[in-house]
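1. What would the 3D arrangement of this be:
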Amino acid sequence: MVSSLYIILGALLLIKLSLDVVKLRMQYQIAYGDGGFYELQTAIRVHGNAVEYIPISMLLLIVMEMNGAAVWMLHVCGLVLLSGRLLHYFGLRHREIRWRRMGMAATYISMLIMIITNIYYLPWEQIFSLYS
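-> As a prediction, this is how the structure comes out:
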């Protein structure tokens, strides 16, 4: 399955972002919340934002593959999504709103393509059939 490549890469990105938060919590000795430290606030938000978008996007990618989408479409959607997440991370981390916007745009574009593709490839005959 092609989608498994992007699931692995997305999981690695989530682990990296989580470790960023853990590192800063240890550095500032903060167990809960952000302690008012901007750098920790940013790391928490970057990780949280990735957690909000990566899992549902990976489900869309898996369903797209199961519905029979072309392999090149899976690669395009997976690459655009992960590129968007990396751009968003860079933009938030370095206070570059332009990069953050591009990252969110790439994320939304990949998700919309996956949604539209899934609607197109759905087995409509089975969905609206009264028989198995």
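2. And the contacts of the helix or strand containing S110?
-> In this structure, S110 sits in helix 97-121 according to DSSP states H and E. Helix 97-121 has contacts (CB atoms under 8 Å, 6 or more residues apart in numbering) with 53, 56-57, 60-61, 63-64, 67-69, 73, 76-78, 80-81, 83-92. Using the backbone N, CA and C atoms, a C-beta is placed for each residue, glycine as well.
3. List only buried entries from those.
-> Buried by 16 or more other CB atoms under 10 Å: 53, 57, 60-61, 63-64, 69, 73, 77-78, 80-81, 84-85, 87-89, 91-92, out of the contacts of helix 97-121.
4. Secondary structure class of the residue most central in space within the chain, three-state.
-> With distances taken as CA atoms, centre = their mean, the residue of the chain nearest its centroid is I54 (2.5 Å). Here I54 is recorded as helix under DSSP: H, G, I helix; E, B strand; the rest coil.
5. Kindly state the pLDDT recorded for it?
-> pLDDT recorded at I54 is 97.
6. separation between it and A70?
-> Separation of I54 from A70 (CB to CB, to the nearest Å): 22 Å.
7. What of G78?
-> To A70, G78 is 13 Å away according to CB to CB.
8. ok, now L122?
-> Relative to A70, and taking CB to CB, L122 is found at 16 Å.
9. what's the distance between I119 and V71?
-> Using CB to CB, one obtains 19 Å as the distance from I119 to V71.
10. and what of L13?
-> In terms of CB to CB, L13 sits 22 Å off from V71.
11. and these two? which has more neighbours close in?
-> With neighbours defined as other CB atoms under 10 Å, L13 and V71 compare such that L13 has more, 17 against 9.
12. Any chance of the backbone angles for the more buried one?
-> With angles defined as degrees, to the nearest 10, L13 sits at phi -60, psi -40.
13. three-state assignment of L24?
-> Following three-state DSSP, L24 is assigned to helix.
14. Now do the contacts for the residue nearest to it when sequence neighbours are not counted.
-> With CB to CB, 6 or more residues apart in numbering as the criterion, L24 has its nearest non-adjacent residue at 4.5 Å, and that residue is L40. L40 is in contact with 21, 24-25, 28, 30, 34, counting by CB under 8 Å, 6+ apart.
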